[in-house]
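Enquirer: What shape does this take:
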Amino acid sequence: MERTNFNMYLFKALEAYPYELEEAMEALNYALSYDAKNVKALCLMGKVYAEQLGEYEAAKECFERALECGLELPYIYPDYIAILIMNEDLTEAQKVLEFALTIKGMDKAVLYNLQSWLFEVWRQFKMAIRAMEEVRAYSYNSDYQDYAEKEIVRIKKKLSKSNNKKRKEDKSKSRS
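Expert: Sure, this is the predicted structure:
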């Protein structure tokens, strides 16, 4: 019976998030009171902290607790990596991403998309483009492939601007 109550509250929280935050939080708190180590509930709580409250450290704690309970569960990693990037924990994000790529059942297109974002944050635009080409290779629907194509074009524009800026700086240094 306790498991049924937990599932009922977890389903309510999943259904309500992100549109009915008060209802989602109430259901999520009830669900976690039944099972404080439930990975799905902890991940959703982490998303609430990050996406709604901007409390990335609290979000990280939720995801770390979820990892303690289910290291091999693929659905933990994409949101956790995104939170690490948003919190500027870039080295940690890279380590988690590299580990996630080894997990059976992972959506590699999503992970390579995160890898591209990470490279872009590091201003390694060529590497970001390469990662986005992996997104194309691992995506199995045309919408995601179209998204990857558009991202490659966007990043190439940034690369071009970055190269132009470097050339201008080099010219001004050589004139001095």
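
Enquirer: switch to C-alpha atoms for all contacts and neighbour counts from now on
Expert: Fine.

Enquirer: Who are the packing partners of the longest helix seen in the chain?
Expert: Ordering each helix of the chain by length in residues (DSSP state H) puts helix 142-175 first. Judged by 3 or more C-alpha pairs under 8 Å, 6 or more residues apart in numbering; DSSP states H and E, the packing partners of helix 142-175 are helix 125-138.

Enquirer: May I see the buried residues of the longest helix of the chain?
Expert: Buried residues in helix 142-175, counted by 16 or more other C-alpha atoms under 10 Å: 144, 145, 148, 149, 151, 152, 155, 156, 159.

Enquirer: check contacts around residue 131.
Expert: Taking C-alpha atoms under 8 Å, 6 or more residues apart in numbering, we find residue 131 in contact with 112, 113, 115, 116.

Enquirer: Got the confidence number for it?
Expert: What the model reports as pLDDT for residue 131 is 98.

Enquirer: Please report the distance of it from residue 112.
Expert: As judged by C-alpha to C-alpha, to the nearest Å, residue 131 and residue 112 stand 5 Å apart.

Enquirer: before we move on, what about residue 156?
Expert: Applying C-alpha to C-alpha to residue 156 and residue 112 gives a distance of 17 Å.

Enquirer: can you list the buried residues of helix 142-175 in TSV and add pLDDT?
Expert: As requested, the buried residues of helix 142-175 are arranged in TSV below (pLDDT from 0 to 100):
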residue	pLDDT
144	95
145	95
148	97
149	97
151	97
152	97
155	97
156	95
159	92
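
Enquirer: got JSON lines for those residues, with distance to residue 20 too?
Expert: Shown next, in JSON lines, are those (distance: C-alpha to C-alpha, whole Å):
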{"residue": "144", "distance to residue 20": "28"}
{"residue": "145", "distance to residue 20": "32"}
{"residue": "148", "distance to residue 20": "31"}
{"residue": "149", "distance to residue 20": "34"}
{"residue": "151", "distance to residue 20": "32"}
{"residue": "152", "distance to residue 20": "35"}
{"residue": "155", "distance to residue 20": "35"}
{"residue": "156", "distance to residue 20": "39"}
{"residue": "159", "distance to residue 20": "40"}
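
Enquirer: can you map out the helices along this protein?
Expert: Here the chain has its helices, by DSSP H, at 2-16, 21-34, 39-47, 56-69, 77-86, 90-100, 108-121, 125-138, 142-175.

Enquirer: Which residues outside the fourth one are in contact with it?
Expert: With contact meaning C-alpha under 8 Å, 6+ apart, helix 56-69 is reached by 37-40, 42-43, 45-50, 76, 80, 83-84, 86-87.
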